[in-house]
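1. Predicted model and sequence below, questions to follow.
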Amino acid sequence: MSSLENGAGQGGGEAASESEESLRSRLADKFRREVSELYSSISSIRRAVRSEIFRLRLTVFFLSIMTGVLGGLGAITLRYTIDYFSELFFLIPQTLGRYCVVALPAIGGFVAWLITYRFAPESRGHDGVAETMKAVSIGSGDIRSRVPLTTTIATSLTIGSGGSAGTEGPIIHISAGLASTVARLFKLDVEHKRLLVVCGAAAGLSAMFNAPIGGALFGLEVVYQGFEFPAVIPVLLSSVVATAVSVALIGDNPVFRPPPVTYHYHELLFCFILGGVIGLLSVMWVKGFFTIEDLLIHINLSGYLKPVLGGALVGAIIYFLPHVGGEGVCVIRGALSGRIAAEMLLLIGLLKILTCGLTLGSGGSGGVFIPSMFIGAMFGGAFGLIVNMLAPSLLSDSTLYAVIGMAAMLAAACRAPLTAVVMSAEMMKDYTMILPLLAGCVTSYFVSRLIMKESIYTLGLFRKGIDVSLELRKDLLDYIRVGEIMSTNVATLDPDMYTFQALEVIERTGHTGYPVVSGDGKLVGIVTFKDVIKAVEEGKEEYRIRDIMSRDLAVAYPDESVRQVVDRMVEYDIGRVPVVDRGNPSKLLGIITRSDVLKAHELSLICRLRRGKSEELRKLLEKIEEERVHEL
């Protein structure tokens, strides 16, 4: 009996020992796996930090900060230079008499024309934003280093002498020029040079109007024409830094400070109506502006006499109605506070179109951003006053419609509805009117876009035969999905295969890399031709593939763009990437190689030339493959 008990005790002890040993083994395996995963993560981080892409992104990050500082300083310099010339010019009528006001815009315009003609013709007129868009969309991001100084002086002379123009076009051109110079100094590639130019444009506008989010949106929505994540962060960073510089040096003051506005939700209907009206008026504003410019171009006068003629006509109008001269910010404030009668608002709005066209069409330097807001505020304010006069019980506050008109005209003329909504709120430091602003801006944009394809910025370029649309700038690899071009007939290796057996497969198939797939169909790693040759040279023919394969995989998904995979190939310095199911990363769907990317690039060029649609993609792909087979 005791021997049976001893045997049972020994059996139980052995079982407990085996159980304890099995537990230790499992814990050890788990620990090794965790250490392996940790090491793999650290290796990935180390490789990412050492990669060229990481260093480039870090460089762009710091340069975007530098661009923000330069943009803020550029905006402050332009503002003070305009104020200086304004005081200088208006000493003349104070000394010689008010009638001299007629001559001031002619003098300022003439001197500005001489400076731009001699040093930088691209600084003339309203082309600051258009030139920046051209540099980003179809150019290499280059803006001449002389442009910032030339534009600063020419714009200050134009606006300071009473010329009817805004500061946004010039400050965008100035800051973009500074950013382009920085990009050249640091020898950035074309793509990142363009990005830095967008950062400069956003920084200058943000600092000028104390509107960091609105400035960033303008840079992305109008200049860059896209909201790609790699571009958003540097642009936002530059805008914030530029605004911080401006606030630190000249204070945090809103551009407009209207009285508190209340509204009822039924008034959104009137906001939609006003948006439609402003959409129609925006077409009149843009077409009228370019009609005046065309008339001045076709006048048979020497180039230097046209700014004298245009300036004299503007001076004559200013003599009788000073409201339409200069930038007009103070007049907008008057409209937003309801201090101007409806008849006067309509007159001022119409004459602003005329004076702005004369100033910039004759060769002065300035922008159309603030004039667009000016014209919209006048017509919107008149709309509110007229409706309030006809039906006083329907509107809570007629001045709300001056704000809506101001933003809606900007949205329609500049094709920037998001910028118009956000920037208007930021310039007033009042975010309670977002709903009516959205109603007016979206409607005006829609109506204007139905009638006129181009914006006030792109129409001038389009008339010269220059198309800066997003489709011509954006790499069409961004539009082709991995699933459309990946190879589904994939040569794979088994993890239990010996190295010498893998070498036989490589000699038979001729590929340079192979996904490693286990018996149950799971992707467990990847092995390259170099890995196998190295193992053979080191006498490891009897090693299995699992011993030499890489478990740290860079993978692609079928719904990703080819451009994303190309960036990954460059980052990891690899020539082929396994394509896996996004919901099940161990399920191999195919593989994409450098040759697939080259094929996609060829397709993108053909589609660009032929304006091919997605249905054409497959046909073109099949045709290219057939032609290559025939050539072979």
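-> Done, it's in. Numbers count the residues shown, from 1 in each chain.

2. ok so Leu56 is a strand residue?
-> No. Leu56 is assigned helix when assessed by DSSP: H, G, I helix; E, B strand; the rest coil, not a strand.

3. Surely it touches Lys193?
-> No. Contact criterion Cβ atoms under 8 Å: Leu56 and Lys193 do not qualify, at 11.8 Å. Heads up, the C-betas are built off the backbone N, CA and C, glycines and all.

4. quick one, which of these two is more surrounded?
-> Counting neighbours by other Cβ atoms under 10 Å for Leu56 and for Lys193 shows that Lys193 has the greater number, 24 against 14.

5. just checking, the more buried one touches Gly139?
-> No. At 9.5 Å, Lys193 does not count as touching Gly139 under the criterion of Cβ under 8 Å.

6. In contact with the residue lying closest to Thr116 once chain neighbours are set aside, which residues?
-> Of all residues beyond its chain neighbours, the one nearest Thr116 is Arg124 (4.1 Å), with distances taken as Cβ to Cβ, 6 or more residues apart in numbering. Contact analysis of Arg124 by Cβ atoms under 8 Å, 6 or more residues apart in numbering lists Ala112, Trp113, Thr116, Tyr117, Ala154, Gly363, Gly364, Ser365.

7. Now for the residue lying closest to the last one once chain neighbours are set aside: which residues touch it?
-> Taking Cβ to Cβ, 6+ apart, and ignoring the residues beside it in sequence, Ser365 has Ala154 as its nearest neighbour in space, at 3.8 Å. Contact analysis of Ala154 by Cβ under 8 Å, 6+ apart lists Ala112, Ile115, Thr116, Ser123, Arg124, Pro170, Gly364, Ser365.

8. of all those residues, which comes closest to Gly160?
-> Ala112 (9.7 Å; Cβ to Cβ).

9. ok, that closest one touching Gly363?
-> Yes. If you go by Cβ under 8 Å, Ala112 and Gly363 touch, sitting 7.2 Å apart.

10. what does the model give Asn388 for pLDDT?
-> In this model, Asn388 is scored at 87, pLDDT.

11. Flag the shaky bits of this protein, pLDDT-wise.
-> When residues are selected by pLDDT under 70, those of the chain lie in 1-21, 23, 29-30, 32-33, 35-54, 465, 467, 469-479, 601-632.

12. Let's see that with 50 instead.
-> Along the chain, segments meeting pLDDT under 50 span 1-2, 4-5, 608-617, 620-621, 623-625, 627-632.

13. Could you report the distance from the one residue sitting closest to the centre of it to Leu178?
-> Nearest to the mean C-alpha position of the chain, by Cα atoms, centre = their mean, lies Leu220 at 2.3 Å. Distance of Leu220 to Leu178, computed by Cβ to Cβ, to the nearest Å: 19 Å.

14. pretty sure Val524 belongs to a strand, no?
-> Yes. Counting by three-state DSSP, Val524 is part of a strand.

15. wait, it sits on Ile545?
-> No. Assessed by Cβ under 8 Å, Val524 is found out of contact with Ile545, at 9.5 Å.

16. Quick check: neighbours shared by those two?
-> In contact with both Val524 and Ile545: Pro495, Val516, using Cβ under 8 Å, 6+ apart.
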